[in-house]
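Colleague: From the sequence below, what's the structure:
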Amino acid sequence: MKLNPKQVVWGVAGIVIAANVLVAAWSFRSHKTETPPSVKTAANVLVLTGAVERIQELPQTTNAAPQKSVESPVENPVVAAVTNAPVAPVVAEIPATTAVSSAVEPLGGIVITHWQAPTNGPGLAEFEKGLKAAKGEGQPKDLVQAAEWFRQSAAAGNVEGQFNLGLLYVSGQGVDKDYVKAAEWFKKAADQGHPDAQFNLAVLYIGGLGVTQDNTVAAQWARKAAEHGNYEAAYNMGILYTSGRGVPQDAAQAARWFQVAAEGDISAAQSNLGVFYIHGKGVAKDDVQAHKWFMKAAQHGNATAQFNLGVMYAKGQGVEKNLAESYFWSSLAAMQGDDQAGNNRDQVALDLTPKVIAETLKRVTSFAMTNVAGGKP
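Modeller: Numbering: from 1, shown residues only. Below you'll find the predicted structure:
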């Protein structure tokens, strides 16, 4: 049987991981500690994302200037390709409290009305031509030509033409980068109810890009986008209510918006909702609910949720104690660079047999090879 390169790489990786774990287990057995791992309570990272492929983080102060850094606000919400649908935000974890309540309180409902783009009207033909030019469908890809078609479509009042022209001005694709013009076209589309344009307008107001920085206006547009079915906006409303940026700080409201986004399959919101439940922040403390939401996020590859599942299975918190499961989830988080998860994995390994470790590592390798994020990160 001929193995393809991917099978060979993962096979070797599995062997290396197994060898390292066995060595660690024997090396540290004599130093075993009884201190249980603790649930990660998350860092205070604020994130706002647009209908684009990179994030736009919230500046730490209202006067903060955008910077180019992994952990600092990026310069702009970069457009990788013209799209009609938002791309996922990255994880933003929320600091938790230790408030405890004995009763589970259901989250209040938030009415979401999913917006539908017009299927006819002035400028539609030009928009469709622009989209084909941008994607290279039936013709060579030409963003300059796409921009011109979008311009004609937008001028005729087509909401999708306005939105996509705004995206091009944000990225500088087919046109010179111009946040002022991007904001103008996003505003025109936003006024017509386009949720992604509303969300991107919120992004620009948060960063002060092409508009005067204004957290309150940003929150207003993010709310409109969320109410029109943009789950990334709902997630970020949770962030805003958690931090008190543009809205009063309100843990219960944050939990409600995280719930909306979590049900929309935003893995960061699912993880944050788990944090809220496990600490009784904005909701009644409920370890079972916390486990439920951590599991959903972890299955989408959320490293923090995987870490917290490892802890919960090690402690039997909200779920039956299972050290093999703890080892499984801790291993996956560690593979994503979480050193604390690696330490927890090695500690749990001291109470597992080599056979169980080997079997669990096969699951880890299988998950890593086949898991494709079904939700939005």
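
Colleague: As a check, name the ranges of all strands in the stretch 51-200 of the chain.
Modeller: Taking DSSP state E, counting those that start in this stretch as the test, the strands found in the stretch 51-200 of the chain are 55-57.

Colleague: For it, which residues score under the pLDDT cut-off?
Modeller: 51-117 (pLDDT under 70).

Colleague: what ranges do the helices span in it?
Modeller: Listed in chain order, the helices of the stretch 51-200 of the chain (DSSP state H, counting those that start in this stretch) span 124-135, 143-155, 159-171, 179-191, 195-207.

Colleague: Ok, which of the ones you listed comes nearest His279?
Modeller: Among the helices of the stretch 51-200 of the chain, helix 195-207 comes nearest to His279, with 26.5 Å by C-beta to C-beta. For glycine as for every other residue, the C-beta is placed from the backbone atoms N, C-alpha and C.

Colleague: Tell me which other helices or strands that closest one touches.
Modeller: Secondary-structure packing of helix 195-207 (3 or more C-beta pairs under 8 Å, 6 or more residues apart in numbering; DSSP states H and E): strand 47-49, strand 55-57, helix 159-171, helix 179-191, helix 215-227, helix 231-243.

Colleague: and the ones you listed as a markdown table, adding mean neighbour count and distance to Leu124?
Modeller: Shown next, in a markdown table, are the helices and strands packed on helix 195-207 (neighbours: other C-beta atoms under 10 Å; distance: least, C-beta to C-beta, whole Å):
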| stretch | mean neighbour count | distance to Leu124 |
| --- | --- | --- |
| strand 47-49 | 25 | 28 |
| strand 55-57 | 24 | 30 |
| helix 159-171 | 28 | 8 |
| helix 179-191 | 21 | 14 |
| helix 215-227 | 22 | 23 |
| helix 231-243 | 28 | 25 |
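
Colleague: so which of these comes closest to Leu204?
Modeller: It is, among the helices and strands packed on helix 195-207 and with distance given as C-beta to C-beta, helix 179-191, at 5.2 Å.

Colleague: picking up where we left off before, now distance to Ala368 too, for the helices and strands packed on helix 195-207, in JSON lines please.
Modeller: What follows is the helices and strands packed on helix 195-207, written out as JSON lines (distance: least, C-beta to C-beta, whole Å):
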{"stretch": "strand 47-49", "distance to Ala368": "25"}
{"stretch": "strand 55-57", "distance to Ala368": "24"}
{"stretch": "helix 159-171", "distance to Ala368": "32"}
{"stretch": "helix 179-191", "distance to Ala368": "38"}
{"stretch": "helix 215-227", "distance to Ala368": "33"}
{"stretch": "helix 231-243", "distance to Ala368": "26"}
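
Colleague: out of the ones you listed, nearest to Ala202?
Modeller: Closest of the helices and strands packed on helix 195-207 to Ala202 is helix 215-227, at 4.0 Å (criterion: C-beta to C-beta).

Colleague: Can you spell out which helices and strands pack onto the closest one?
Modeller: Applying 3+ C-beta pairs under 8 Å, 6+ apart, one finds that helix 215-227 contacts helix 195-207, helix 231-243.

Colleague: Make JSON lines out of these and add distance to Asn158.
Modeller: Below are those laid out as JSON lines (distance: least, C-beta to C-beta, whole Å):
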{"stretch": "helix 195-207", "distance to Asn158": "12"}
{"stretch": "helix 231-243", "distance to Asn158": "22"}
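
Colleague: For Thr360, pull up the helix or strand it's in.
Modeller: Per DSSP states H and E: Thr360 is located in helix 354-370.

Colleague: Return the set of buried residues in that helix.
Modeller: Ile357, Thr360, Leu361, Val364, Thr365, Phe367, Ala368 (16 or more other C-beta atoms under 10 Å).

Colleague: ok, so of these, who is nearest Gln317?
Modeller: Minimum distance to Gln317 across the buried residues of helix 354-370 is 19.8 Å, recorded for Thr360 (C-beta to C-beta).

Colleague: Correct me if wrong: the closest one contacts Trp329.
Modeller: No. The criterion here is C-beta atoms under 8 Å, and Thr360 misses it with Trp329 at 10.0 Å.

Colleague: Tell me which other helices or strands the regular element (helix or strand) spanning Lys296 touches.
Modeller: Here Lys296 sits within helix 287-299, counting by DSSP H and E. Applying 3+ C-beta pairs under 8 Å, 6+ apart, we find helix 287-299 packed against helix 267-279, helix 303-315.

Colleague: That helix vs helix 354-370, what angle?
Modeller: Relative orientation of helix 287-299 versus helix 354-370 (axes from the mean of the first three to the mean of the last three C-alpha atoms, to 10 degrees): 60 degrees.

Colleague: contacting residues around helix 287-299?
Modeller: 104, 262, 267-268, 270-271, 273-275, 277-278, 283, 304-306, 308-309, 312, 317-319, 329, 332, 371, 374-375 (C-beta atoms under 8 Å, 6 or more residues apart in numbering).

Colleague: Please check the residues you listed and keep the buried ones.
Modeller: Buried, going by 16+ other C-beta under 10 Å: 262, 267-268, 270-271, 273-275, 277-278, 283, 304-306, 308-309, 312, 317-319, 329, 332, 375, out of those.
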